[in-house]
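> Sharing a model that was predicted from the sequence below.
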Amino acid sequence: MRFSAAWERQQRSASPAVQVGFLPRLKPWASSLTLCENVAFGEHYHEDTRDPDELLESLGVSHLAERSPPTLSGGEQQRVALARSLAVRPDAMLLDEPLSALDVPTRQSLRDDLAEVLAHVTSVYVTHNRTTARAIADRIAVMRDGKIVQTGTPDEIFESPTTAYVAQFVGANVLPASRFDRDAEAVAIRPEHVEINPPTPETQATVKRVAREDAASRVVLDWDGERVEAFSTEPPTVGATVEIRFPDEDITELGN
């Protein structure tokens with residue numbers, strides 16, 4: 001009785017419920033229904049729902065409306081699942097790694113669609129993919145061991161990390177501050193800011209590996225025992241000695 005009375009008081013004093021749309025990695029489809037019927041399923045529980053045909057059209061999958069879920073590709077399933085989540089006019093969206101199982105071209109295409117569709121919907125997007133986070137987010141929260149360690153805009157997180165953990169998480173080089181005469185635990189500099197030049201007596205490094213990545217190559221260098229990564233459109237050969245330069249304005253001092 002004591003628990004029941006407390007629960008009733010809580011319900012009477014609670015603020016109006018917030019409708020949350022959920023886009024998980026695994027889709028709990030009603031396999032006996034068509035895709036259009038799956039998208040419209042929320043009509044059973046919500047009064048003011050969006051037209052399923054219009055949603056499927058806006059996401060480029062209207063031609064699949066009469067298909068069944070098992071016949072879809074991964075990208076098609078995600079688009080239909082997004083339509084189903086948006087159909088109930090949610091106040092907010094929670095997305096749990098919805099792109100993680102997709103191939104790269106499909107992931108990039110759907111990431112662009114998500115950025116457009118979610119532009120006017122408050123959303124929390126859980127991801128381990130820093131490229132997706134930077135492309136979609138207005139603000140990012142980096143977590144470690146269940147605790148938020150830094151929040152900020154994508155530019156703040158990627159260009160001005162506050163700790164070595166965050167810097168490594170977003171793909172920056174983390175190097176000893178003593179090598180830059182800085183009074184800090186360490187410093188960070190992103191690979192795209194590291195300059196590779198012909199060799200000189202100062203700041204020499206050895207090229208250990210070159211990997212092609214779309215428009216540029218990722219160059220892994222050994223700088224007196226420190227691993228440094230850089231990007232180059234005209235990469236040196238493996239084993240070559242080069243000069244590397246770290247522009248002062250691109251170096252970020254890090255704390256613990």
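Here it is on my side, so go on.
> what's around the closest residue to residue 183 other than its chain neighbours, how many residues?
Excluding the flanking residues, the one nearest residue 183 by Cβ to Cβ, 6 or more residues apart in numbering is residue 177, at 7.1 Å. Quick note: C-beta positions are derived from backbone N, CA and C, even for glycine. By the measure other Cβ atoms under 10 Å, the count of residues near residue 177 is 17.
> Surely residue 177 and residue 189 touch.
No: assessed by Cβ atoms under 8 Å, residue 177 is found out of contact with residue 189, at 11.5 Å.
> in the stretch 51-200 of the chain, which spans are helices?
For the stretch 51-200 of the chain, applying DSSP state H, counting those that start in this stretch gives helices covering 52-58, 74-86, 104-117, 130-136, 154-159, 164-169.
> Just name the most buried of those.
Scoring the helices of the stretch 51-200 of the chain by mean neighbour count under mean count of other Cβ atoms under 10 Å gives helix 74-86 as the most buried, with a mean of 23.
> contacting residues around the residue nearest to residue 183?
When contacts are counted by Cβ atoms under 8 Å, 6 or more residues apart in numbering, residue 177 touches 183-187, 253-254.
> repeat that for 7 Å
By Cβ atoms under 7 Å, 6 or more residues apart in numbering, the contact list for residue 177 reads 184-187, 253.
> Point out where this protein drops to low pLDDT.
1-16, 26-28, 256 (pLDDT under 70).
> residues contacting the spatially most central residue of it?
Nearest to the mean C-alpha position of the chain, counting by Cα atoms, centre = their mean, stands residue 133 at 2.5 Å. The contact partners of residue 133, by Cβ under 7 Å, 6+ apart, come to 127, 140.
> mind running it again at 10 Å?
Shown in contact with residue 133 (Cβ atoms under 10 Å, 6 or more residues apart in numbering): 125-127, 140-142, 154, 157-158, 169-170.
> what's the answer for residue 233, then?
215-217.
> Pull out the buried members of the residues you listed.
residue 217 (16 or more other Cβ atoms under 10 Å).
> Tell me which entries of the contacts of residue 233 lie within strands.
By the criterion of DSSP state E, membership of those in strands covers 216-217.
> Need the contacts of residue 233 in CSV (columns: distance to residue 75).
Listed next are these as CSV, based on distance: Cβ to Cβ, whole Å:
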residue, distance to residue 75
215, 24
216, 27
217, 29
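> can you tell me which of the contacts of residue 233 lies nearest to residue 58?
Nearest to residue 58 among the contacts of residue 233: residue 215, at 30.6 Å, using Cβ to Cβ.
> Skip the chain neighbours and tell me the closest residue to the closest one.
Of all residues not flanking residue 215 in the chain, residue 233 sits nearest, at 7.2 Å (Cβ to Cβ, 6+ apart).
> any idea how far the one you found is from residue 245?
16 Å (Cβ to Cβ, to the nearest Å).
> And residue 145, by the same measure?
In terms of Cβ to Cβ, residue 145 sits 36 Å off from residue 245.
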